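**Q** based on what follows, work out the 3D shape:
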Amino acid sequence: MTERVEDLIEQLGSWRTGDVVDQSPRERVLAELSTQGPHVVPVLIKRLRTLVTASAQHRDQVSRVPAAADDAADDGAGLKQGIIEALHRIGDQQAGPVLTASLVDPACRWAAARALKDVRDDDAVGPLLDALARAQPNGSLIWDIADTLRSYPVPRAVIERRLQAEKSQQGQQNLNGLLAVLSHEGDGAVAEGLHAALSPHTDVRLKSVEELAGSGKGEGEGETREALTLLALDKAPPVSLRAVQALGDPPPQDLVLSAIGLAARAERPARDLQLISRTRHFVRNHPAGIPAVLAALEGAPELPTAEVHIVLEILSPLNVDLTPEHPIRLLRALHGLAARPDYEIRHRSLAVLRGGDLLFTLMAEDAPVSVEARTIFDSFAEPSDIARFERFTHTRPKQPGMGPTWQQRLNLFRRR
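**A** Okay, the predicted model is just below:
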């Protein structure tokens, strides 16, 4: 059994994808690891800790060239990120300390920060503030670290002390940005005690559902409905099913759209971030999840800006295994958002299109959708995007009898 687990872990480093209609090899490994039982968690933790330690030693060796330290080649980056994703999906709280320790590793920082929203660690606040101070503008990295910090009870005084100690201009800007967000929400918002729906104990959350349902407010508006929506997206089936019943058994698509709308109000940061996190997990794992988000995106002209932002966050990373049935429709909707005048929506939409492997996979397919996928790519592609596509194609062996070689396609892009 241990040998099988070790073999699965090594496969987590693969970024290759299967056909559009199939799960990627990494996704299949993640699914299998999730079914192996709790004994895999210590193995994953040990492997990640070893890799992070080795990477730290490597960075020490190149520390004589400080500017190159974070950019130094890291052959284990994919494997580390895959292990973090596995620990995130399994959700065992004993992984919290190693995820916190991984924040110092540039290759792990983004994935670890996102995972720490759900896999909680009482000692994560200081390292998260350090990670925020070190973060450079790169997609939604800064936003994601700040989001995770907002889900912890962080007193303003702690952030201000870290800001006083920060010397870099970018770090000061990042920390000041976090303080500005908290000021807008109210000083006590982040430190507010979490609702019972956020308890790590299933029995407490289930009791909360029963109390809310018994109050006769399950069909009402306001805080009761918000808490029940949060509980309806719970990963524990007894909690989720009972909360859905208390809400009147809404269809999954309505539940997702309701959660997005509630989270977009941003009235209670800790709870709203959990709504986003649980909605994201639901969307990416429930058959009705992507159709619900797709319906929201295709109706985006009427969708409030704040809700569009939530939808875009849920979709990242945009991998081919996320949407085997509606890939080109999803790309069309995102491409439409990227043409909107709102700078932030345009920027985030392009970041989602660039992230993951869905767009590149469709571009490389010998199917009618590949033409449209390439047209979408051409509309925003920069030299760095073309270089990324080249690296992607090198991981995909040419299939006999399947049309032009990958090199011929790359040459076509270079001529455009």
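
**Q** list the contacts of the most centrally placed residue in the chain.
**A** Centroid-nearest residue in the chain: Ser316, 5.5 Å away (criterion: Cα atoms, centre = their mean). Each residue near Ser316 by Cβ atoms under 8 Å, 6 or more residues apart in numbering is listed here: 139-140, 351-352, 355-356. For every residue, glycine as well, the C-beta is placed using N, CA and C.

**Q** how does it look with 6 Å?
**A** Contacts for Ser316 (Cβ atoms under 6 Å, 6 or more residues apart in numbering) come out as 352, 355.

**Q** so how far is Ala246 from the closest residue to Ser140 other than its chain neighbours?
**A** Closest residue in space to Ser140, ignoring its immediate chain neighbours: Ala351 at 6.3 Å, by Cβ to Cβ, 6 or more residues apart in numbering. Relative to Ala246, Ala351 is positioned 37 Å away (Cβ to Cβ, to the nearest Å).

**Q** quick one, which of these two is more surrounded?
**A** Neighbour totals were compared for Ala351 and Ala246, and Ala246 leads with 23 against 16 (other Cβ atoms under 10 Å).

**Q** thinking again about what came up before, relative to Val40, how far out is the residue nearest to Ser140?
**A** Distance, Ala351 to Val40, using Cβ to Cβ: 32 Å.

**Q** only the buried residues of stretch 285-300, if you could.
**A** Neighbour counts over stretch 285-300 (16 or more other Cβ atoms under 10 Å) mark 286, 289-294, 296-297, 300 as buried.

**Q** which other residues reach the helix or strand that contains Pro127?
**A** Using DSSP states H and E, Pro127 sits within helix 125-134. The contact list for helix 125-134, computed with Cβ under 6 Å, 6+ apart, reads 100, 103, 109, 145, 149, 152, 154, 162, 166, 171, 174-175.

**Q** so which of these are in helices?
**A** 100, 109, 145, 149, 162, 171, 174-175 (DSSP state H).

**Q** which of these scores worst on pLDDT?
**A** Ranked by pLDDT, the ones in helices among the contacts of helix 125-134 bottom out at Asn174 (86).

**Q** and it, what does it touch?
**A** Counted by Cβ under 6 Å, 6+ apart, Asn174 has contacts 132, 135, 142.

**Q** and the least confident of these?
**A** Lowest pLDDT of these: Ile142, 83.

**Q** so that one versus Ala373, what's the distance?
**A** 29 Å.

**Q** could you look up the SS state of Phe380?
**A** When classified by DSSP: H, G, I helix; E, B strand; the rest coil, Phe380 comes out as coil.

**Q** how about the one 4 residues further on?
**A** In terms of secondary structure, Ser384 is helix; the call rests on three-state DSSP.

**Q** the longest helix in this structure is where?
**A** In the chain, with assignment by DSSP H, the single longest helix is helix 40-61.

**Q** is it true that Ile314 touches Val283?
**A** Yes: using Cβ atoms under 6 Å, Ile314 is in contact with Val283, at 5.3 Å.

**Q** how about the helices in the stretch 201-350 of the chain?
**A** Assigned by DSSP state H, counting those that start in this stretch, the stretch 201-350 of the chain shows helices spanning 202-214, 223-232, 237-246, 252-264, 269-285, 289-298, 305-315, 327-338, 343-354.

**Q** now Gly177: which helix or strand?
**A** Going by DSSP H and E, Gly177 is in helix 169-185.

**Q** now that helix against helix 125-134, angle please.
**A** Relative orientation of helix 169-185 versus helix 125-134 (axes from the mean of the first three to the mean of the last three Cα atoms, to 10 degrees): 120 degrees.

**Q** distance between helix 169-185 and the chain's centre?
**A** Distance, stretch centre to chain centre, for helix 169-185: 22 Å (Cα atoms, centre = their mean, to the nearest Å).

**Q** also stretch 47-55?
**A** Using Cα atoms, centre = their mean, the offset of stretch 47-55 from its chain centre is 22 Å.

**Q** any stretches of the stretch 151-300 of the chain with poor pLDDT?
**A** 180-181, 183-200, 214-223, 266-274, 299-300 (pLDDT under 70).

**Q** the same query, at a cut-off of 50, please.
**A** 184, 186-195, 216-221, 269-270 (pLDDT under 50).

**Q** and which of the buried residues of stretch 285-300 is nearest to Ala364?
**A** Ile290 (21.3 Å; Cβ to Cβ).

**Q** verify the stated contact: the closest one with Glu325.
**A** No: Ile290 is beyond contact range of Glu325, at 7.7 Å (criterion: Cβ under 6 Å).

**Q** which parts of stretch 160-168 are buried?
**A** Within stretch 160-168, the residues that count as buried by 16+ other Cβ under 10 Å are 162-163, 166.

**Q** in a markdown table, list the residues you listed along with distance to Val204.
**A** Shown next, in a markdown table, are the buried residues of stretch 160-168 (distance: Cβ to Cβ, whole Å):
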| residue | distance to Val204 |
| --- | --- |
| Arg162 | 32 |
| Leu163 | 35 |
| Glu166 | 38 |
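
**Q** ok, these vs Thr53, which is closest?
**A** Taking those together and measuring to Thr53 by Cβ to Cβ, the closest member is Arg162, at 25.1 Å.

**Q** ok, the closest residue to that closest one other than its chain neighbours to Val158 distance?
**A** Distances taken as Cβ to Cβ, 6+ apart place Leu129 nearest to Arg162, at 4.6 Å, with adjacent residues excluded. Separation of Leu129 from Val158 (Cβ to Cβ): 7 Å.

**Q** neighbour count: these two, which is higher?
**A** Each of Leu129 and Val158 has its neighbours counted (other Cβ under 10 Å); Leu129 has more, 26 against 14.

**Q** tell me how this structure divides into domains.
**A** As assigned by automatic domain parsing, the chain contains the domains 2-185, 316-416.

**Q** pick out the shakiest of those domains, pLDDT-wise.
**A** For the domains of the chain, mean pLDDT drops lowest on domain 316-416, to a mean of 77.
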